[in-house]
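> give me coordinates for this.
(2 chains)
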There are 2 protein chains.
Amino acid sequence: MTDARAIAENYIALWNETDPKRRQALIEKGWAPDAVYVDPMMQAKGHAEIDGLVGAVQERFPNFRFNLIGKPDGFGDHVRFSWSLGPDNIDAPIEGTDFAVVKADRIQTVTGFLDKVPAV
Amino acid sequence: MTDARAIAENYIALWNETDPKRRQALIEKGWAPDAVYVDPMMQAKGHAEIDGLVGAVQERFPNFRFNLIGKPDGFGDHVRFSWSLGPDNIDAPIEGTDFAVVKADRIQTVTGFLDKVPAV
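Below is the predicted model:
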């Protein structure tokens, strides 16, 4: 049985980790070698591409942090959780919900949806 | 590009279809032959098992109907939507969110999560 909370917390920690070596260690520990990430704007396959994607988002939003919203939920190999992205101490402008498939405590796939985006 | 609304509406129509022949026709049209359904309580693989699962839920909740909540959302092969299940004209006691992988307009997988369940 997958620990939905641990998976979600490690996932958020990865997105907030700006030190390249620590970020890489989190990916190696928590993601399968051929893991796939996909959301409406980006996709990546494998550790190197996922690391590059996380780094690119951090560069685009340098003062933003990810936080969990609510309680991660899971059953079997399946996990879902919602998150916010924004500067500290204000209402986050971006929110989303991610669905993950996890085997042997390693993320195999993440499919991300956006729940809230800033008005253009 | 998958039509998230059409996928979701056909999916809800299937769950509400109690005529066995019409139900089977909806499954054959909308689901891949080896499609997989999984939620916290049930799983099914292939048309016959999916048909049996839908029929079992209908027998368990004979006066309940499924309805979409909000707007189905999708990108690429990925769709998500929320639904309610309950008798007409009252607040539905059960709600959930499903996410599906769709290829060539046919559902390949559905992973369902529960958002609201009755207090025991």
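> and the nearest residue to A:Gly86 once chain neighbours are set aside, which of the three is it?
Sequence neighbours aside, A:Ala92 is the residue nearest to A:Gly86 in space, at 3.2 Å (criterion: CB to CB, 6 or more residues apart in numbering or on different chains). C-beta here means a position set from N, CA and C on the backbone, and glycine is covered the same way. Recorded secondary structure, A:Ala92: coil (DSSP: H, G, I helix; E, B strand; the rest coil).
> which stretches of chain A have low pLDDT?
Counting by pLDDT under 70, the ranges of chain A that qualify are A:1.
> give me that answer again for 90
Applying pLDDT under 90 to chain A flags residues A:1-2, A:88-91, A:118-120.
> residues contacting A:Ile50?
By CB atoms under 8 Å, 6 or more residues apart in numbering or on different chains, the contact list for A:Ile50 reads A:Ile27, A:Trp31, A:Ala35, A:Tyr37, A:Ala44.
> and the strands in chain A, which stretches?
A:31-38, A:43-45, A:65-75, A:78-86, A:94-103, A:106-116 (DSSP state E).
> isn't A:Gly30 right up against A:Ala104?
No. A:Gly30 lies out of contact with A:Ala104 (CB atoms under 8 Å); the separation is 11.1 Å.
> the more surrounded of these two?
Shown here are A:Gly30 and A:Ala104; by other CB atoms under 10 Å in any protein chain shown, A:Gly30 has more neighbours (18 against 8).
> without its sequence neighbours, what residue ends up closest to that one?
Closest to A:Gly30 by CB to CB, 6+ apart is A:Asn10, at 4.9 Å.
> state the distance from the one you found to B:Pro87.
Relative to B:Pro87, A:Asn10 is positioned 42 Å away (CB to CB, to the nearest Å).
> and these two? Which one has more around it.
A:Asn10 (16 against 13).
> quick one, what contacts the more buried one?
Neighbouring residues of A:Asn10 by CB under 8 Å, 6+ apart: A:Leu26, A:Lys29, A:Gly30.
> just put those in TSV and tack on distance to A:Val54.
Shown next, in TSV, are those (distance: CB to CB, whole Å):
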residue	distance to A:Val54
A:Leu26	9
A:Lys29	14
A:Gly30	12
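> which of the residues you listed fall within helices?
A:Leu26, A:Lys29, A:Gly30 (DSSP state H).
> nearest to chain B among these?
A:Gly30 (20.0 Å; CB to the nearest CB).
> gap between the closest one and A:Gly55?
Relative to A:Gly55, A:Gly30 is positioned 16 Å away (CB to CB).
> and A:Asn16, by the same measure?
For A:Asn16 relative to A:Gly55 (CB to CB), the value is 12 Å.
> tell me, how many residues neighbour A:Asp91?
Counted by other CB under 10 Å, the residues lying close to A:Asp91 total 9.
> now render the strands of chain A as CSV, adding distance to A:Asp3 and mean neighbour count.
Shown next, in CSV, are those (distance: least, CB to CB, whole Å; neighbours: other CB atoms under 10 Å in any protein chain shown):
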stretch, distance to A:Asp3, mean neighbour count
strand A:31-38, 15, 17
strand A:43-45, 24, 16
strand A:65-75, 8, 16
strand A:78-86, 9, 21
strand A:94-103, 9, 19
strand A:106-116, 12, 18
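> sweet, I'm off.
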